[in-house]
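1. Sequence plus the predicted model coming up.
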Amino acid sequence: MIDESNGYESIADLYIKWRGRAVDGIGSSTVRAWALPLNKGSVILDLGCGTGIPVTKILLDEGLTVYALDASPTMIESFRENFPNVPVACESVESSPFFHRSFDGIIAVGLIFLLSEETQRALISKMAAVLNPGGRLLFSAPLEKVEWKDTMTGLLSRSLGAEQYRALLSAAGLSIVGELVDEGGNYYFNAIRLTSIAIKP
């Protein structure tokens, strides 16, 4: 059976204990700064939401409307305890019906580099296609092209590197408005959808 959580279901209890309750954890200030320019009520998709802390909580605190997604059942159970009124689904980014609607923003912290190169490429295009004009995308991935074993799951992670991510964002019709580094040294790509694009069937 394929583990759509990329190993995180097997270590979910440990993750929740170590990281899933840190309201002001590493990256919080970066997420908050990204959320500030968005209009109140803007609809945001949080990919790889985990427990919802800190990312979903920050988005809600900023007055945004959040939909959330994670492939770990244990993470989703914790998320629902934390945010019972937020629409959340236990699904993979490859198969989620959430991509049948549009969003004003999409955020993916600690997710993209867990995926295969092919899935990363497809996901960037997929995210871009469901962003409204003016919609924003923020995702984290190492600046360099590199592969490593995830410290918690032991599974292979991979960054395509900044050059590839920039090219993929541009090809998907997004314009990079900034690249950020948080207090933990994590790198983020911040892009915006300037115009509408035709979504292929």
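-> Structure's in. What do you need?
2. Phi and psi next, for residue 132.
-> phi -70, psi 160 (degrees, to the nearest 10).
3. That one against residue 102, yeah?
-> Yes: taking contacts as CB atoms under 8 Å, residue 132 lies within contact range of residue 102: 5.2 Å. In this view, the C-beta of every residue, glycine as well, is placed from N, C-alpha and C.
4. Could you check which helix or strand contains the closest residue to residue 154 other than its chain neighbours?
-> Excluding the flanking residues, the one nearest residue 154 by CB to CB, 6 or more residues apart in numbering is residue 7, at 7.2 Å. For residue 7, there is no host helix or strand (DSSP states H and E).
5. I figured residue 7 was touching residue 151, is that so?
-> No: between residue 7 and residue 151 there is no contact under CB under 8 Å: 11.1 Å.
6. Distance check, residue 157 against residue 63.
-> To residue 63, residue 157 is 33 Å away according to CB to CB, to the nearest Å.
7. Which one's more surrounded, the two?
-> residue 157 (20 against 12; other CB atoms under 10 Å).
8. Quick one: mean pLDDT for whichever strand or helix holds the more buried one?
-> Using DSSP H and E, residue 157 falls within strand 156-159. Taken as a whole, strand 156-159 has an average pLDDT of 95.
9. Give the buried residues for that strand.
-> 157, 158, 159 (16 or more other CB atoms under 10 Å).
10. And the strands in this protein, which stretches?
-> Secondary structure of the chain (DSSP state E): strands located at 43-47, 65-70, 88-90, 103-108, 131-140, 146-149, 156-159, 174-181, 187-193.
11. between the last one and strand 131-140, how many degrees?
-> Computed with axes from the mean of the first three to the mean of the last three CA atoms, to 10 degrees, the direction of strand 187-193 lies at 180 degrees from that of strand 131-140.
12. How about residues contacting strand 187-193?
-> 30, 34, 109, 128, 131-143, 162, 165-166, 169, 173-182 (CB atoms under 8 Å, 6 or more residues apart in numbering).
13. Compute the number of surrounding residues for residue 50.
-> 27.
14. Before we move on, what's the pLDDT of it?
-> 93.
15. for the one 4 residues further on, same thing?
-> Among the per-residue scores, residue 54 holds a pLDDT of 93.
16. Convert the longest helix seen in the chain to PDB, retaining C-alpha atoms only.
-> The single longest helix within the chain, with elements called by DSSP state H, is helix 117-129. Coordinates of each C-alpha in helix 117-129 appear next as PDB, following Å, rounded to 0.1, in the frame of the first residue of the first chain:
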ATOM      1  CA  GLU A 117      10.700  15.400  -9.000                       C
ATOM      2  CA  GLU A 118       7.900  14.600 -11.400                       C
ATOM      3  CA  THR A 119       5.200  15.300  -8.700                       C
ATOM      4  CA  GLN A 120       6.900  18.600  -7.800                       C
ATOM      5  CA  ARG A 121       6.800  19.800 -11.400                       C
ATOM      6  CA  ALA A 122       3.200  18.800 -11.800                       C
ATOM      7  CA  LEU A 123       2.200  20.300  -8.500                       C
ATOM      8  CA  ILE A 124       3.700  23.700  -9.300                       C
ATOM      9  CA  SER A 125       1.700  23.800 -12.500                       C
ATOM     10  CA  LYS A 126      -1.400  22.600 -10.700                       C
ATOM     11  CA  MET A 127      -1.100  25.200  -8.000                       C
ATOM     12  CA  ALA A 128      -0.600  28.000 -10.500                       C
ATOM     13  CA  ALA A 129      -3.700  26.900 -12.500                       C
END
